[in-house]
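**Q** Turn this into a structure:
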Amino acid sequence: MTTQETVGAPAAPTRPDNRLALIDQAFYDGHRAAGQNEVMQVVWLYDHPADLDGVRRFHQRMCRSLWNRLIERSPLPFGRHRWMLDPRPAPFDVVETPRPRAELGDWLDERAYLPVDPERGPGWHLGVLPLTDGSTVVTCVISHYLLDGLGSVAEVAKANLGMPLDYGYPPPGSRPRLRAIAEDLSDTARALPGVAGAVLAAAREARRRQTDNTRPAPGPIHDDHDPPVRIPCVWLLLDLAEWEARAAALGGAGNTLATGFAARLADRLGRRDDDGTIRIQFIVSNRDVDDTRAIAVSYTRTNIDPAPVTTDLSGTRAVVREALRSPQGAMEESAPLLPLTPLTPRRTWRRLMDWSAADPERPTILSNFGEVPSSAVSPDGTESQQAWARGVNQRISAQRLERAGGLLQILTGRLPGIGKMTVSVQAYQPGVATDRAALRGLVVDTLAEFGLTAVVD
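**A** Numbers count the residues shown, from 1 in each chain. Now for the predicted structure:
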């Protein structure tokens, strides 16, 4: 071959780096060791029959999205997991027999607890249900280990806008075993300098935990044979103008009103700290435009006094503004330890998950999607009249929930295209709210304290 021919030869295509981010692998391995399975559920409601052909086109487009990937484990016990393309289309189910609107929550729960598996697939599924009042509900359930909430909003919007959704992932098993072993050994060798630093950081963290009197070392949670708990959820839809006007009248903004609502509801559930305040944990997205990580969030925590929030939000607004200036959390706090992720055995992950369940702060989780574009609420090609989302743990036991002191998670979003504020509320508080009827009553009473009305499903 001549020199000219060598220079002019096309370069070999570069395979994309399809290794999971270390935080994604840690999130998955920790939950897997504890027997848990987190999913996201997205719900769209049309007040008329949906265009099923349009929904089918949406399903086909999402089969090329980040939802349609799988996790392939390394052949080495200490290797990095990799993303692979799921070659099979996700299940698409259309219910033929309409159900009453009163059974909407029951059907959404049924869909939320259908199996998804981020390794073997399917990693997500889509369902459509006609209601007897002529409306139609469409819902997707996606493994949280494939993509988080705001990542899903972006993928749905891109699909409905006709933007490309080809991420170049190879099919499962595309690496011959010997090549996979050699590549993963090479990856591990290159990571050793970072591992050495992580070992030192882990030793410091172990010493800190030994002297942490706020969280005594808990015993193991033996919940392998306990039946999973279905955490009650209610869905709220409010007039956006009314929401913003009420927030302004109380001296706050829309996000402040969401914080006040969360604090007041947590107070009704008995989730107060010793000083009477409520610990709120804000989930903050740090996802970039071209980000393909499954989990791209940080968090910040602060204490809110629930007493004045129904009449004056100005103090709460100042506290929230200060807290959101420098969000910290899972990614920042765990960064020095992340190089140890592939080397961490399953039993250690289990102990870490048992330890994290005993968080003495018992935070109320508040996540805000911000403004959701019309393209993200149009699964049949036209804008739906209602939309919600929530996270669901498909396999969490009462024992683990009791160790955590219960659970309260609230997710909000603004839908300017249809002029609505969407809120989902999930809670499980032993002795107070362990079913949907009890939770619904607490939510309705809390809304009334703020002078707000809502459609509650």
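**Q** Touching, residue 337 and residue 202? I think so.
**A** Yes. Residue 337 lies in contact with residue 202 (Cβ atoms under 8 Å); the separation is 5.7 Å. The C-beta positions use only the backbone N, C-alpha and C, and glycine is treated the same way.
**Q** Run a quick neighbour tally on residue 303.
**A** 16 (other Cβ atoms under 10 Å).
**Q** ok, now residue 55?
**A** 21.
**Q** Tell me who's in contact with the closest residue to it other than its chain neighbours.
**A** Closest residue to residue 55 apart from its sequence neighbours, by Cβ to Cβ, 6 or more residues apart in numbering: residue 380 at 4.9 Å. Taking Cβ atoms under 8 Å, 6 or more residues apart in numbering, we find residue 380 in contact with 46, 50, 51, 52, 54, 55, 58, 138.
**Q** my guess is the fifth one meets residue 160, correct?
**A** No. Between residue 54 and residue 160 there is no contact under Cβ under 8 Å: 9.7 Å.
**Q** ok, back up a step: among the contacts of residue 380, which one lies nearest to residue 292?
**A** Nearest to residue 292 among the contacts of residue 380: residue 58, at 20.7 Å, using Cβ to Cβ.
**Q** ok, and the closest non-adjacent residue to the closest one?
**A** residue 379 (4.8 Å).
**Q** The one you found in helix, strand or coil?
**A** coil (DSSP: H, G, I helix; E, B strand; the rest coil).
**Q** that older thread, overlap of the contact sets of residue 54 and residue 160?
**A** With Cβ under 8 Å, 6+ apart, residue 54 and residue 160 have common neighbours 379, 381.
**Q** Which of the two has more residues huddled nearby?
**A** Each of residue 54 and residue 160 has its neighbours counted (other Cβ under 10 Å); residue 160 has more, 23 against 16.
**Q** Not counting sequence-adjacent ones, nearest residue to that one?
**A** Residue 160's closest residue in space is residue 375 (Cβ to Cβ, 6+ apart), at 4.4 Å.
**Q** residues in contact with the one you found?
**A** Residue 375 is in contact with 156, 157, 160, 161, counting by Cβ under 8 Å, 6+ apart.
**Q** what's the helix or strand for the first one?
**A** Meaning residue 156. Secondary-structure assignment from DSSP states H and E places residue 156 in helix 149-160.
**Q** What average pLDDT does that helix get?
**A** Averaged across helix 149-160, pLDDT comes to 95.
**Q** what's the answer for stretch 278-293, then?
**A** 92.
**Q** now the helices for the stretch 301-450 of the chain?
**A** All helices of the stretch 301-450 of the chain, identified by DSSP state H, counting those that start in this stretch, fall at 314-323, 330-334, 346-357, 398-403, 436-449.
**Q** elements contacting the first one?
**A** Counting contacts by 3 or more Cβ pairs under 8 Å, 6 or more residues apart in numbering; DSSP states H and E, helix 314-323 is packed against helix 254-268, strand 297-304.
**Q** What average pLDDT does the last one get?
**A** When pLDDT is averaged over strand 297-304, the result is 92.
**Q** Could you figure out how far that strand is turned away from helix 149-160?
**A** 130 degrees (axes from the mean of the first three to the mean of the last three Cα atoms, to 10 degrees).
**Q** same for strand 297-304, what does it pack against?
**A** On a contact count with 3+ Cβ pairs under 8 Å, 6+ apart, strand 297-304 meets helix 254-268, strand 278-285, helix 314-323, helix 330-334.
**Q** Run the angle between the second one and helix 314-323 for me.
**A** Just to be clear, that refers to strand 278-285. Inter-element angle recorded for strand 278-285 and helix 314-323: 50 degrees (by the same axes, to 10 degrees).
**Q** Can you give the strand pairings for strand 278-285, parallel or anti for each?
**A** Strand 278-285 has the following strand partners under DSSP bridges: strand 297-304 (antiparallel), strand 364-371 (parallel).
**Q** Identify whichever of the ones you listed lies nearest to residue 233.
**A** Evaluated with Cβ to Cβ, the strands paired with strand 278-285 place strand 364-371 nearest to residue 233, the distance being 13.2 Å.
**Q** Check which residues of that closest one are buried.
**A** By 16 or more other Cβ atoms under 10 Å, the buried positions in strand 364-371 come out as 364, 365, 366, 367, 368, 369.
**Q** do stretch 187-203 as well
**A** Neighbour count says stretch 187-203 has 187, 188, 191, 195, 198, 201, 202 buried, by 16+ other Cβ under 10 Å.
**Q** Okay, and which of those map to helices?
**A** 187, 188, 191, 195, 198, 201, 202 (DSSP state H).
**Q** Could you dump these into JSON lines with distance to residue 437 and pLDDT added?
**A** Formatted as JSON lines, these follow (distance: Cβ to Cβ, whole Å; pLDDT from 0 to 100):
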{"residue": "187", "distance to residue 437": "52", "pLDDT": "93"}
{"residue": "188", "distance to residue 437": "53", "pLDDT": "92"}
{"residue": "191", "distance to residue 437": "51", "pLDDT": "89"}
{"residue": "195", "distance to residue 437": "51", "pLDDT": "86"}
{"residue": "198", "distance to residue 437": "48", "pLDDT": "81"}
{"residue": "201", "distance to residue 437": "47", "pLDDT": "77"}
{"residue": "202", "distance to residue 437": "46", "pLDDT": "75"}
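**Q** Could you say which of the helices and strands packed on strand 297-304 is packed most deeply?
**A** Of all the helices and strands packed on strand 297-304, helix 254-268 carries the top mean neighbour count, a mean of 24, counting by mean count of other Cβ atoms under 10 Å.
**Q** Ranking helices and strands of the protein by mean pLDDT, which lands last?
**A** When the helices and strands of the chain are compared on mean pLDDT, DSSP states H and E, helix 3-8 comes out lowest with a mean of 39.
**Q** Now the helices and strands packed on helix 314-323 in a markdown table, please, with extra columns for distance to residue 390.
**A** As requested, the helices and strands packed on helix 314-323 are arranged in a markdown table below (distance: least, Cβ to Cβ, whole Å):
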| stretch | distance to residue 390 |
| --- | --- |
| helix 254-268 | 14 |
| strand 297-304 | 16 |
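**Q** pretty sure residue 311 contacts residue 250?
**A** Yes. Residue 311 lies in contact with residue 250 (Cβ under 8 Å); the separation is 6.9 Å.
**Q** Give me the more crowded residue out of the two.
**A** Each of residue 311 and residue 250 has its neighbours counted (other Cβ under 10 Å); residue 250 has more, 22 against 12.
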